[in-house]
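Novice: got a predicted structure plus its sequence, pasted below:
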Amino acid sequence: MTIKNRHIVVALDIGTHTIKAAMAEVIAVDQINILGISALPARGIRKGHIVDIESAAQSMEEALNALERLTGMEISGALIGFSGTSLSTINNHTVVAVGTPSYEISQDDKSRVLHSAQTISLPPDKSIVQVVERQYIIDGYDGVKEPVGMVGSRLEAEITVIVAAIAAVQNLQRSAGRINLEVEGLVFNPLLTAEAVLMPTEMEMGVALVDIGGGAIDVSVFERGSLLCASVLPLGGEHITKDLAIILKTSLEEAASLKERSEITALQADDDAVIEIKDVQGQPGHQVSQQLVAEIISARVLEIAQMVYRELRQFDAINRIPAGIVVTGGGAELIGMPELFEEYLGVPVRLGAPDRVIGLASEYRRPCYGAAVGGLICAARHMGPHKFENKRGLSSLIDRMGEWYKDFFR
């Protein structure tokens, strides 16, 4: 079956434990139809960074191949969401004089103030990988999102600069290059996840997004509709799994299964209840207290909550999130996670999942798919009228995104 005149986007979410590949058809600028999502184990990735290019490339290829089989379409390019503990943000503000009070601000003026705002001192191993334009100020009037065409003599820009280790980004690009995957864009994961799980009103009021992955946690704050600040913590769901495996003397596989089906807080656990698990050798019949399991999990979750609180304090953002905190990612799927966070942090906390997208099957309306679905939304919003053929067709998946990619990767 030949499929013509279809606008198709693909997103790749590179996680420490899982790589997700997703494809959607663009119906309109703000409407997509999910065609398929694949999720396969990741190899060669630690705390969000590539540590083995060959293994990571193979994992990416396996996820993409699975998506091709699912959709019957050949993939040649994708938007890639990335994170990792080397990433951080820097807020900067700059001002330029543009002309007389009746002067119409041009694209060149906007480019000049943005270039000036990106003039920051960085260590030799770090580089700016993305710039988020928070707002412009014209002659003292703030809240301007697009200054071009407006009138004024003084133009200011407030931006959030996303910084990463040069080697980390190059290793990701090389992994994609090994499988001849065209990188249509590299986007910081919290920006993608926010597209799928945050409400516009939350982003406008002020909200913290906590994306708990397997090996790292993205902590980001959004205000006035854009990213204010973010950091990546070297902790994740795998630490809970390892705690259970070590203390209960069981395998990592059994510990992961136990984590998924357990209550998170000791208060929710039954003192007399026991759970039967397999020992390290895989032999059944090993009984453990449900109370103990809950205590092991909740202890690590409280540590995560404490680290998140410290980050928010460091951002000076505790009083800038009236919409509270949204927890998402695979690690947030633990039963009772939002409640424990809310109890400790004293702010409203809800679970964030991509549940407002057409065509998204129920099994994918889970927090762990936020970045992949958000990547599709982001790609759809910025792509041109690119067409696609069926598998073995003549067209490539997505034509180059040109200036958009340059904006995202500098």
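Specialist: Structure's in. What do you need?

Novice: could you list the low-pLDDT ranges of this structure?
Specialist: Scanning the chain for pLDDT under 70 picks out the ranges 1-5, 29, 264-271, 359, 383-410.

Novice: grab the most central residue of it for me.
Specialist: The centroid of the chain falls nearest to Asn189 when counting by Cα atoms, centre = their mean (2.6 Å).

Novice: contacts only, for that residue.
Specialist: By Cβ atoms under 8 Å, 6 or more residues apart in numbering, the contact list for Asn189 reads Asp13, Gly81, Phe82, Ser83, Asp211, Asp218, Ala371. No exception for glycine: its C-beta is placed from N, CA and C like everyone else's.

Novice: tell me where the longest helix sits in the chain.
Specialist: helix 290-314 (DSSP state H).

Novice: which of the contacts of Asn189 has the most neighbours?
Specialist: For the contacts of Asn189, the largest neighbour count, defined by other Cβ atoms under 10 Å, is 35 neighbours, found at Ala371.

Novice: for the residue lying closest to it once chain neighbours are set aside, give the beta-bridge partners.
Specialist: Leaving aside its sequence neighbours, Ala371 sits nearest to Asp13 (Cβ to Cβ, 6 or more residues apart in numbering; 4.3 Å). Counting by DSSP bridges, Asp13 is bridged to Lys20, Gly81.

Novice: I'd assumed Glu202 was in contact with Pro322.
Specialist: No. The pair Pro322 and Glu202 fails to qualify as a contact (Cβ atoms under 8 Å) at a distance of 9.2 Å.

Novice: what does the residue nearest to the centre of the chain show for phi and psi?
Specialist: Main-chain dihedrals, Asn189, degrees, to the nearest 10: phi -50, psi -40.

Novice: show me where the stretch 251-400 of the chain has strands.
Specialist: 274-277, 286-289, 325-328, 349-351 (DSSP state E, counting those that start in this stretch).

Novice: domain parsing for this protein?
Specialist: 8-85+167-198+354-408, 88-164, 233-350 (automatic domain parsing).

Novice: from the contacts of Asn189, which is closest to Ile50?
Specialist: Phe82 (9.6 Å; Cβ to Cβ).

Novice: look up how far Ile75 lies from that closest one.
Specialist: The gap separating Phe82 from Ile75 is 18 Å, by Cβ to Cβ, to the nearest Å.

Novice: Gln283 too?
Specialist: Taken as Cβ to Cβ, the span from Gln283 to Ile75 is 43 Å.

Novice: the more surrounded of the two?
Specialist: Neighbours per residue (other Cβ under 10 Å) separate Gln283 from Ile75, with Ile75 holding more: 24 against 8.

Novice: tell me which element that one falls in.
Specialist: Taking DSSP states H and E as the definition, one finds Ile75 inside no helix or strand.

Novice: tell me how far it lies from Met60.
Specialist: Separation of Ile75 from Met60 (Cβ to Cβ): 11 Å.

Novice: what sits in contact with each of those two?
Specialist: Shared contacts of Ile75 and Met60, counting by Cβ under 8 Å, 6+ apart, come down to Ala21, Leu181.

Novice: if I pick the residue nearest to Ser55 when sequence neighbours are not counted, what's in contact with it?
Specialist: With Cβ to Cβ, 6+ apart as the criterion, Ser55 has its nearest non-adjacent residue at 3.0 Å, and that residue is Gly44. Neighbouring residues of Gly44 by Cβ under 8 Å, 6+ apart: Ile50, Val51, Asp52, Ile53, Glu54, Ser55, Ala56, Ala57, Gln58, Ser59, Ser175.

Novice: try Lys278
Specialist: Taking Cβ under 8 Å, 6+ apart, one finds Thr250, Ser251, Glu254, Pro284, His286 in contact with Lys278.

Novice: among those residues, who's most crowded?
Specialist: Busiest of the contacts of Lys278 [other Cβ under 10 Å] is Thr250, holding 22 neighbours.

Novice: not counting its neighbours along the chain, what's nearest that residue?
Specialist: Thr250 sits nearest to Ile277 (Cβ to Cβ, 6+ apart), 5.4 Å away.

Novice: equivalent analysis for Gly215, please.
Specialist: Thr16 (3.2 Å).

Novice: count the neighbours of the one you found for me.
Specialist: Using other Cβ under 10 Å, the number of residues around Thr16 comes to 21.

Novice: how far away is it from Gly99?
Specialist: Counting by Cβ to Cβ - Thr16 and Gly99 are separated by 50 Å.

Novice: what's the answer for Ser106, then?
Specialist: In terms of Cβ to Cβ, Ser106 sits 9 Å off from Gly99.

Novice: I'd like to know how far the residue nearest to Gly215 sits from Gly140.
Specialist: The value you get for Thr16 to Gly140, if Cβ to Cβ is used, is 46 Å.

Novice: how near is the residue nearest to Phe315 when sequence neighbours are not counted to Cys378?
Specialist: The shortest distance from Phe315 to any residue other than its chain neighbours is 4.7 Å, reached at Cys229 (Cβ to Cβ, 6+ apart). Distance, Cys229 to Cys378, using Cβ to Cβ: 20 Å.

Novice: cool, and Ile75?
Specialist: Taking Cβ to Cβ, one finds Ile75 at 17 Å from Cys378.

Novice: ditto for Ser153
Specialist: Remark: distance between Ser153 and Cys378 (Cβ to Cβ) = 35 Å.

Novice: neighbour-wise, which of those two wins?
Specialist: Set side by side, Ser153 and Cys378 show more neighbours around Cys378, with 24 against 14, by other Cβ under 10 Å.

Novice: surely Leu233 and Thr85 touch.
Specialist: Yes. The criterion here is Cβ under 8 Å, and Leu233 meets it with Thr85 at 7.5 Å.

Novice: quickly list what's touching both of those two.
Specialist: Taking Cβ under 8 Å, 6+ apart as the contact rule, Leu233 and Thr85 both touch Ala216.

Novice: quick one: the helices in the stretch 201-350 of the chain?
Specialist: 237-248, 252-260, 290-314, 337-345 (DSSP state H, counting those that start in this stretch).

Novice: let's have those in JSON lines, adding distance to Val148.
Specialist: Listed next are the helices of the stretch 201-350 of the chain as JSON lines, based on distance: least, Cβ to Cβ, whole Å:
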{"stretch": "helix 237-248", "distance to Val148": "44"}
{"stretch": "helix 252-260", "distance to Val148": "50"}
{"stretch": "helix 290-314", "distance to Val148": "34"}
{"stretch": "helix 337-345", "distance to Val148": "40"}
